[in-house]
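1. Fold the following and give me the result.
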Amino acid sequence: AAPALLDAIAAAASPRLDDFKSQELANLAWAYGKSEHAAPALLDKIAAAATPRLGEFQPQGLANTAWAFAKAGHPAPSLFEAITLAAVTRLGSFKPQELA
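-> As a prediction, the model looks like this:
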């Protein structure tokens, strides 16, 4: 991955995360998890923006967000607790991929 580009995206996205839709937050987290590019400040801000809005996330978004933070090795206990609570009530609607 291109570190300078990822740093620039993080800098541009961070102050605007409140404007992101739930899918956009999940996608951004996923991109940084997948890239393995360290962006702890961005991930902290994604966690803060996503946590109160997890009810808006589709099951795939919940799964992708959890995966991204785990893959990045970024501790976010409040986010994981909130994902757990959001997911538990909807597990019956999760597809196999979203459970994996």
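
2. could you list every residue that touches the most centrally placed residue in the chain?
-> A centroid search over the chain (Cα atoms, centre = their mean) returns Thr65, at 3.2 Å, as the residue closest to the centre. Going by Cβ atoms under 8 Å, 6 or more residues apart in numbering, Thr65 touches Leu25, Ala26, Ala29, Trp30, Ile46, Ala50, Phe57, Leu79, Ile83. From N, CA and C alone the C-beta is placed, and that goes for glycine too.

3. Can you flag which of those residues belong to helices?
-> Among the contacts of Thr65, the members found in helices (DSSP state H) are Leu25, Ala26, Ala29, Trp30, Ile46, Ala50, Leu79, Ile83.

4. that older thread, of the contacts of Thr65, which is the nearest to Ala10?
-> Nearest to Ala10 among the contacts of Thr65 is Ile46, at 9.8 Å by Cβ to Cβ.

5. Give me the nearest residue to the closest one, chain neighbours excluded.
-> Computed as Cβ to Cβ, 6 or more residues apart in numbering, the closest residue to Ile46 that is not its neighbour in sequence is Ala29, at 5.1 Å.

6. ok, the one you found to Gly92 distance?
-> Per Cβ to Cβ, to the nearest Å, Ala29 is found 25 Å from Gly92.

7. thought Ala76 was touching Phe69?
-> Yes. If you go by Cβ atoms under 8 Å, Ala76 and Phe69 touch, sitting 5.1 Å apart.

8. Quick check: neighbours shared by those two?
-> Contacts common to Ala76 and Phe69, judged by Cβ under 8 Å, 6+ apart, are Leu43, Ala47.

9. where does the protein have low pLDDT?
-> Low-confidence regions of the chain, defined by pLDDT under 70, span residues 1.

10. how about a cut-off of 80?
-> By pLDDT under 80, the weakly predicted segments of the chain are 1, 100.

11. residue ranges for the strands of this structure, please.
-> Under the criterion DSSP state E, the chain carries no strands.

12. Report the buried residues of stretch 72-79.
-> Buried residues in stretch 72-79, defined by neighbour count with 16 or more other Cβ atoms under 10 Å: Ala72, His74, Ala76, Leu79.

13. List just the nearest of the residues you listed to Ala38.
-> Comparing the buried residues of stretch 72-79 against Ala38 with Cβ to Cβ picks out Ala72 as the nearest, at 7.7 Å.
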